[in-house]
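K.L.:
Quick one: sequence and predicted model below, then my questions.
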Amino acid sequence: MKRRDFFMAAGLGGLAVGTQGLSSCASGPKLYGESNFNINKGYQFIPKLKLSKDRIIKETVGLRPFRPSGPRIEKEIIGNKTIIHNYGHGGSGWSLSWGTGNLARNLVKETSEKKIALLGSGTVGIATATLLQESGYEVTIYTKDVPPNVTSNLATGTWSPASRVCDKTKSTPEFEKKWENACRFSFNRMQMMLGLDDIVHWGDEYLVHREISNRTDGNGGGEIFHLPGLAPEWKELSKKDHPFNAELVRKRSNMLFNIPSYLNFHLNNFLLRGGKLKIQEIKSVEDIDALPEKVVVNCMGLGAKPVFNDEELMPISGQLACLVPQTEVNYKLATKGAYFITRKDGIYLGGSGIEGSWDTTPNRELSEKWVDVLSDLMKDMKG
Ligand SMILES: Cc1cc2nc3c(=O)[nH]c(=O)nc-3n(C[C@H](O)[C@H](O)[C@H](O)COP(=O)(O)OP(=O)(O)OC[C@H]3O[C@@H](n4cnc5c(N)ncnc54)[C@H](O)[C@@H]3O)c2cc1C
């Protein structure tokens, strides 16, 4: 069979033509995508948001549990109880939940107990309880509230493992090692959730700088560490490849969490596999002393502050405004002054963080300002 006939028989006629073109090209090799197979002509179509103030259907303020030295993952002996702390994840609790849950599980494994009490059922508590159960522990969750009445339900829901995770000036090499370990474990675990009832998925994320001087980091939360090679990196788009009226546009793929169904999915699985859950508020260490289990894993988030007198732990409040869902919009975007994320349960606008604020009353003016900032951007978009 002649060379050309072979390519045709194999259905690769076009490739053969491309190969000839490649070998005859005097100015050096060209990638196929650049010339012969150029499918991506012009800018990518990006659907616009329907933005108006009357489309705001919900406003929430969540309190990020922040510790300047980073999340507390350590063992403490109080009386005859072994307490394993796992709280204080700041703006990265969703992202790091499985990783710090694994670190807490390793500390539990240092004990000989098989019956474990776990305090709290936010994203950190649910992930940690699941991991312990997978390792054969009998876990009972004691919690004041369950989803949707937990801080975790008030998050944006994106992979942001270093957002407000600590104050960089207080961070130690030991903490950074723990963070990296947690980050890698969580990332890998979350890839196993892809396709499961749509609780985790990957989507496009844009950073739009209308003026170069008006830069934003994307999450409004300052990603203070970066682990290269884990997730796709930001790429700068040339003007012809995006529809925005902006000086600098970056794009990457990022993981997004479908918050309401994610928490339900994992909590239901925990219960289906024989885990127990009791609604009970822990007001003091005496309440912990009264629990039947000797090993207690503390995943109470900000709730740990009064019980364990943690002076470092403080809130960083964050408001979100939820707009009527738009199923055709499936990307995240951040610009100076506002960001949005598209979820099944709505389009979430955000961008605030007030250190030390315990106030959970939404500020309507702020939500409307975000609508204005993003309307302005959409108005100038091509298409
Ligand atoms: C606006 C906003 C956006 C965010 N966006 C992201 C994001 O995109 N990605 C990300 O990774 N993170 C994000 N975060 C951070 C993330 O939401 C938190 O880090 C995370 O929810 C903390 O989870 P948790 O389980 O420790 O706490 P919580 O969700 O607060 O859960 C604590 C649990 O402990 C229980 N509890 C508390 N006190 C007691 C008590 N005394 N007795 C018994 N039970 C008690 C509660 O009822 C609850 O069940 C965001 C946060 C906010 C506010």
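P.N.:
Nice, thanks for sending it over. Residues are numbered from 1 along each chain as shown.

K.L.:
all helices of this structure, in order?
P.N.:
Listed in chain order, the helices of the chain (DSSP state H) span 3-9, 13-23, 93-109, 123-134, 173-191, 259-272, 285-289, 304-308, 364-379.

K.L.:
burial count for Arg364?
P.N.:
Other residues lying near Arg364 total 13 when counted by other CB atoms under 10 Å. Just so you know, the C-beta spots here come from the backbone N, C-alpha and C atoms, and that holds for glycine as well.

K.L.:
tell me the contacts of the nearest residue to it once chain neighbours are set aside?
P.N.:
Nearest residue to Arg364, sequence neighbours excluded (CB to CB, 6 or more residues apart in numbering): Glu59, at 7.0 Å. Residues counted as contacts of Glu59 (CB atoms under 8 Å, 6 or more residues apart in numbering) are Gln319, Leu320, Ala321, Cys322, Pro362, Arg364, Ser367.

K.L.:
how near is Glu59 to the ligand?
P.N.:
In this view, Glu59 and the ligand are 11 Å apart by CB to the nearest ligand atom, to the nearest Å.

K.L.:
how far away is that residue from Gly318?
P.N.:
12 Å (CB to CB, to the nearest Å).

K.L.:
Repeat that for Asn188.
P.N.:
Relative to Gly318, and taking CB to CB, Asn188 is found at 27 Å.

K.L.:
Compare those two and say which is more crowded by neighbours.
P.N.:
The residue with more neighbours, out of Asn188 and Gly318 and counting by other CB under 10 Å, is Gly318; that gives 24 against 12.

K.L.:
To the ligand, which of the helices of the chain lies closest?
P.N.:
Closest approach to the ligand among those (CB to the nearest ligand atom): helix 93-109, 2.1 Å.

K.L.:
which stretches of the stretch 201-350 of the chain have low pLDDT?
P.N.:
Flagging of the stretch 201-350 of the chain using pLDDT under 70 yields the residue ranges 213-221.

K.L.:
ok and the residue in it nearest the ligand?
P.N.:
Across the stretch 201-350 of the chain, the shortest distance to the ligand (CB to the nearest ligand atom) belongs to Gly303, at 1.9 Å.

K.L.:
That residue is in contact with Asp145, isn't it?
P.N.:
No: judged on CB atoms under 8 Å, Gly303 makes no contact with Asp145 at a distance of 9.3 Å.

K.L.:
Looking at these two, which is more packed in?
P.N.:
Per other CB under 10 Å, whichever of Gly303 and Asp145 has more neighbours is Gly303, with 23 against 15.

K.L.:
mind checking how far the more buried one is from Asn245?
P.N.:
45 Å.

K.L.:
what bridges to the residue lying closest to Glu110 once chain neighbours are set aside?
P.N.:
The shortest distance from Glu110 to any non-neighbouring residue, by CB to CB, 6+ apart, is to Lys75 (7.4 Å). Beta-bridge pairing for Lys75 (DSSP bridges): Ile84.

K.L.:
Can you give me the distance of Lys75 to Glu174?
P.N.:
15 Å.

K.L.:
So which of the two has more stuff around it?
P.N.:
Ranked by neighbour count (other CB under 10 Å), Lys75 and Glu174 place Lys75 first, with 14 against 9.

K.L.:
ok, so what distance separates the more buried one from the ligand?
P.N.:
18 Å.

K.L.:
And for Ser92?
P.N.:
Ser92 sits 4 Å away from the ligand, going by CB to the nearest ligand atom.

K.L.:
count of neighbours near that residue?
P.N.:
Ser92 has 31 nearby residues by other CB under 10 Å.

K.L.:
List the contacts of the closest residue to it other than its chain neighbours.
P.N.:
Among residues not flanking Ser92 along the chain, Val165 sits closest, at 4.6 Å (CB to CB, 6+ apart). Neighbouring residues of Val165 by CB under 8 Å, 6+ apart: Gly70, Pro71, His89, Gly90, Gly91, Ser92, Leu96, Trp179, Ile224, Phe225.

K.L.:
Need those residues in JSON lines (columns: distance to Arg250).
P.N.:
Shown next, in JSON lines, are the contacts of Val165 (distance: CB to CB, whole Å):
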{"residue": "Gly70", "distance to Arg250": "27"}
{"residue": "Pro71", "distance to Arg250": "28"}
{"residue": "His89", "distance to Arg250": "26"}
{"residue": "Gly90", "distance to Arg250": "24"}
{"residue": "Gly91", "distance to Arg250": "20"}
{"residue": "Ser92", "distance to Arg250": "21"}
{"residue": "Leu96", "distance to Arg250": "24"}
{"residue": "Trp179", "distance to Arg250": "24"}
{"residue": "Ile224", "distance to Arg250": "18"}
{"residue": "Phe225", "distance to Arg250": "19"}
